[in-house]
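Enquirer: Sequence first, predicted model second:
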Amino acid sequence: MATITGMTTPPCSFYAERIDPSRNMARFYAFEIMEDLFGVTRLERRWGRIGSCGKKKSEPLQDRPDILKRMDLLARQKQKRGYLPK
C-alpha cells in the first residue's frame, strides 16, 4: 500500500489498448501508483507496441487530489485518442 500525505491507499492502475489492423497498429498505455524505495509516491507510466517492453516514465506526486486529477486526465486523453480500457 502506498502512503499519500499520511493516508494509506490501495494501488491504482489503468491499462488500455489501441488496435487497428489496417494501420498495423497495436499499442498499449498503462499507468499505476507506486511507492519507491525512498517512500515517495510516484505515477509510473508505460506505453508502446503490444508485446514489447515499451517506454517508461515516472513522476513524483505529492497529495491525493493531485494524483487523482493526473490519473483522470491521462485516462481521458487516451480514451479520446481511441484507447479502450481492458
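Expert: Good, I have the coordinates. Numbering: from 1, shown residues only.

Enquirer: From residue 41, how far out is the closest residue to residue 40 other than its chain neighbours?
Expert: Excluding the flanking residues, the one nearest residue 40 by Cβ to Cβ, 6 or more residues apart in numbering is residue 60, at 5.2 Å. Every residue, glycine included, has its C-beta placed from N, CA and C. Distance, residue 60 to residue 41, by Cβ to Cβ, to the nearest Å: 7 Å.

Enquirer: next one: residue 27
Expert: Shown here: residue 27 relative to residue 41, a distance of 27 Å by Cβ to Cβ.

Enquirer: check which helix or strand covers the residue nearest to residue 19 when sequence neighbours are not counted.
Expert: Using Cβ to Cβ, 6+ apart and skipping residues adjacent in sequence, the residue nearest residue 19 is residue 26, 5.1 Å away. According to DSSP states H and E, residue 26 maps onto strand 25-35.

Enquirer: What strands line up against the helix or strand just after that strand, and which way round?
Expert: Per DSSP H and E, the first helix or strand lying C-terminal to strand 25-35 is strand 41-49. Strand 41-49 has its sheet partners listed here by DSSP bridges as strand 25-35 (antiparallel), strand 55-60 (antiparallel).

Enquirer: Adding mean neighbour count, mean pLDDT and distance to residue 72 as columns, could you present those in CSV?
Expert: What follows is these, written out as CSV (neighbours: other Cβ atoms under 10 Å; pLDDT from 0 to 100; distance: least, Cβ to Cβ, whole Å):
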stretch, mean neighbour count, mean pLDDT, distance to residue 72
strand 25-35, 18, 93, 11
strand 55-60, 11, 93, 15
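
Enquirer: Nothing else from me, thank you.
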